[in-house]
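Trainee: structure, please.
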Amino acid sequence: MTAQIIIPDTPEAISTYSPWVMHEPGWDRYVMFFNSMNNMDGDRTYRDRIYQVESFGDGITGWGEKILTLAPEVDPRPGELGLIADPTVFWNGIWHMYYTGTDGDGINPALTNNVFHAM
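Mentor: Residues are numbered from 1 along each chain as shown. Predicted structure coming up:
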């Protein structure tokens, strides 16, 4: 088996992980959801965010620009103020995403992890 990098880390988004790729019959694209850890204050505070990217090719090459999908600082809710991660997504006419969230601050350990649902 050979492997290649398709979504590289960047200086502002390190530690890219947890991909979830979808392609349904009739779709003209592949859709990937994944995590990247972002430096939030230029110092030591990092937050995990969920991104989306699309490929109109074969699902291996031709991935477009990353789109920020969920971020704790954009729509803060209790239980996911520290990070959100590990997306699992399905489509039944409506997008559903299950993901993990925590109130940890990126430096100190989180007290709890929770599972969330977003549509």
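Trainee: any idea which residue is closest to the centre of the chain?
Mentor: Nearest to the geometric centre of the chain sits residue 50, at 2.2 Å (C-alpha atoms, centre = their mean).
Trainee: ok, that one - contacts?
Mentor: Residues in contact with residue 50 (C-beta atoms under 8 Å, 6 or more residues apart in numbering) are 33, 34, 35, 68, 69, 70, 71, 84, 85, 87, 97, 99. All C-beta atoms are positioned from the backbone trio N, CA, C, and that covers glycine.
Trainee: what do you get for residue 99?
Mentor: Under the criterion of C-beta under 8 Å, 6+ apart, the contact partners of residue 99 comprise 50, 70, 84, 85, 86, 87, 88, 115, 116, 118.
Trainee: for it, list each beta-bridge partner.
Mentor: Beta bridges link residue 99 to residue 116 when assigned by DSSP bridges.
Trainee: returning to that earlier point: highest neighbour count among the contacts of residue 99?
Mentor: For the contacts of residue 99, neighbours were counted by other C-beta atoms under 10 Å; the highest total belongs to residue 84, with 27 neighbours.
Trainee: coming back round to it: which among the contacts of residue 50 gets closest to residue 15?
Mentor: Of all the contacts of residue 50, residue 15 sits closest to residue 35, with 7.8 Å by C-beta to C-beta.
Trainee: my guess is the closest one contacts residue 17, does it?
Mentor: Yes. Between residue 35 and residue 17 a contact is recorded at 5.3 Å, counting by C-beta atoms under 8 Å.
Trainee: neighbour count for those two, which is higher?
Mentor: Set side by side, residue 35 and residue 17 give different neighbour counts by other C-beta under 10 Å, the larger being at residue 35 (24 against 13).
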